[in-house]
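Novice: Next come a sequence and a model predicted from it.
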Amino acid sequence: MTPTAATLPSENNGDATLKKSVASDVNENGTKRGQDAPPDDVDGEGEDEGDDEAVAEGAGAGEGKKKKKKKKSKKKKSEQSEPPRVGLSKLFPSGVYPEGELQPYKDDNAYRITSEEARYNEKLANEDPETTYNDIRRAAEVHRQVRQRARKFIRPGMTMTEIANYIEDGTRALVEENGFESGVGFPTGLSLNHCAAHYTPNAGDTVVLQQGDVLKVDFGVHVNGRILDSAFTLTWEPTYNKLVEAVKAATDTGVREAGIDVRLGELGAAIQETMESYEVEVGSKIYPVKPIENLSGHSINKYQIHGGKSVMLVKNDDDTKMEEGEYFAIETFGSTGRGRIVESGECSHYARKVDAPHVPLRLTSAKSLLKSINKNFGTLPFCRRYLDRVGESKYLLALNHLVQQGIVQDYPPLCDQRGSMTAQFEHTILLRPTVKEVVSRGDDF
């Protein structure tokens with residue numbers, strides 16, 4: 001069960017001010033609130049200043065007609081389109097984006113919610129362009145709006161390419177893609193059934209979504225390198241509803257138990273306990289829901305989707321602690337199979353390593369491809385469709401050479417045994433000095 005969000009003051013007084021009218025104590029006509037306002041400001045039927053003189057038809061007419069006041073036309077509020085194409089700057093002209101769900105810290109860190117020092121540190125962080133929370137909130141709002149429409153759009157009979165294009169085109173439009181300032185955070189994952197992660201269609205893929213499929217939708221948005229990573233699972237038949245419910249509950253447990261100074265091994269134990277309390281009935285057979293033991297959530301750094309810390313889905317001895325200011329993707333995977341994945345199938349996902357070695361490249365094509373990767377993606381993950389999109393062709397030999405040289409990391413599809421089903425849910429959280437913010441939380445999950 002998701003806890004109720006704490007009701008907190010914003011991390012700085014400036015944010016609270018921005019959410020209101022900047023001149024909240026002044027009426028539109030310039031008078032202070034409490035002073036008498038012209039009647040037309042109340043009901044729109046009064047007379048404008050300067051329009052209140054009678055205008056005679058002739059010099060001796062004796063009767064005059066008053067000019068009718070023109071009603072001020074109300075500016076129509078921008079709304080999101082279908083498919084989603086309206087950039088967020090048009091929907092949020094103030095440039096301030098919604099806060100995520102707030103959850104207070106527990107136990108030894110419960111004091112942070114009222115700590116003046118913590119609030120001051122938070123204010124400094126939010127005012128610094130490098131650490132501002134507004135970037136991740138903008139990315140989160142894009143994710144919410146795109147996924148809200150994607151959940152209605154995706155239906156059996158569609159190809160994986162159609163679905164991926166719908167999500168990615170919407171993401172690019174809403175985040176107002178602009179090089180390394182804003183764009184897609186990583187390739188859209190559309191893993192099916194026993195495949196848990198890292199599948200997105202390559203060019204020529206003809207896979208069609210079926211009525212009985214279990215589809216994991218995992219996509220990301222970045223603003224100034226701050227990556228929002230969130231995922232959900234869709235089904236069109238009730239057979240695997242309990243599997244989906246188990247994984248969603250396990251992710252909510254991970255989110256709830258996460259916090260500053262929490263040990264990663266203990267967090268994994270809490271996730272495991274929730275996941276294993278569910279079972280799925282398929283036909284006349286009962287399957288326990290197993291956490292996939294060799295998949296994990298992870299910390300997120302700027303322009304780096306896997307930041308170095310891992311949140312396993314089972315109990316372990318990792319004493320590493322979560323720290324103030326960190327971002328984490330709390331993601332859980334459940335399975336009706338072995339609960340363990342292996343690499344299987346054609347690779348689509350890649351990323352240039354952050355600590356890539358400087359090695360001489362023998363292939364001219366590999367040098368050219370690396371230059372294109374650096375220019376278009378940097379250390380953000382990409383897929384073969386993205387290389388096609390920026391004009392690369394006949395690049396597989398060069399790409400494999402970069403992988404072999406340790407410059408680029410490949411991420412093949414990760415699958416449990418055939419015949420099993422897997423599900424995924426994921427949220428991005430921010431460990432603010434005063435409170436935990438579930439930035440990707442929405443009305444859907």
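Specialist: Cool, got the structure. Numbering: from 1, shown residues only.
Novice: which stretches of the chain aren't confidently modelled?
Specialist: Residues of the chain meeting the criterion pLDDT under 70: 1-76.
Novice: Please enumerate the helices of it.
Specialist: 13-19, 40-43, 88-91, 116-127, 134-153, 160-174, 241-257, 264-275, 364-376, 384-389, 396-404 (DSSP state H).
Novice: Can you list the buried residues in the fifth one?
Specialist: Read that as helix 134-153. Buried positions in helix 134-153, judged by neighbour count with 16 or more other Cβ atoms under 10 Å: 134-147, 149-150, 153. C-beta: built from backbone N, CA, C; applies to glycine.
Novice: For Lys285, see how far away the closest residue to Val342 other than its chain neighbours is.
Specialist: Nearest residue to Val342, sequence neighbours excluded (Cβ to Cβ, 6 or more residues apart in numbering): Cys415, at 6.4 Å. Between Cys415 and Lys285 the computed distance is 21 Å (Cβ to Cβ, to the nearest Å).
Novice: got it, and Asn241?
Specialist: Taking Cβ to Cβ, one finds Asn241 at 16 Å from Lys285.
Novice: one step back: higher neighbour count, Cys415 and Lys285?
Specialist: Cys415 (24 against 8; other Cβ atoms under 10 Å).
Novice: Give the full set of residues in contact with the more buried one.
Specialist: When contacts are counted by Cβ atoms under 8 Å, 6 or more residues apart in numbering, Cys415 touches 194-196, 341-345.
Novice: now do 7 Å
Specialist: 194-196, 341-342, 344-345 (Cβ atoms under 7 Å, 6 or more residues apart in numbering).
Novice: Between the residues you listed, identify the one with the most neighbours.
Specialist: Ala196 (27 neighbours).
Novice: Touching, Val311 and Ser296? I think so.
Specialist: Yes - contact status for Val311 versus Ser296: in contact at 5.5 Å, counting by Cβ atoms under 7 Å.
Novice: What about Asn376, how many residues nearby?
Specialist: So Asn376, with other Cβ under 10 Å, has 18 neighbours.
Novice: ok, now how distant is it from Gly170?
Specialist: Taken as Cβ to Cβ, the span from Asn376 to Gly170 is 20 Å.
Novice: returning to that earlier point: which of the helices of the chain sits closest to Glu101?
Specialist: Nearest to Glu101, of all the helices of the chain, is helix 241-257, at 8.7 Å by Cβ to Cβ.
Novice: helices or strands up against that closest one?
Specialist: strand 226-235, helix 264-275, strand 279-282, strand 327-335, strand 422-431 (3 or more Cβ pairs under 7 Å, 6 or more residues apart in numbering; DSSP states H and E).
Novice: What separation do you get for Val255 and Val282?
Specialist: Distance from Val255 to Val282, by Cβ to Cβ: 28 Å.
Novice: For those two, work out which one has more neighbours and name it.
Specialist: For the pair Val255 and Val282, the greater number of neighbours falls to Val255 (27 against 13), based on other Cβ under 10 Å.
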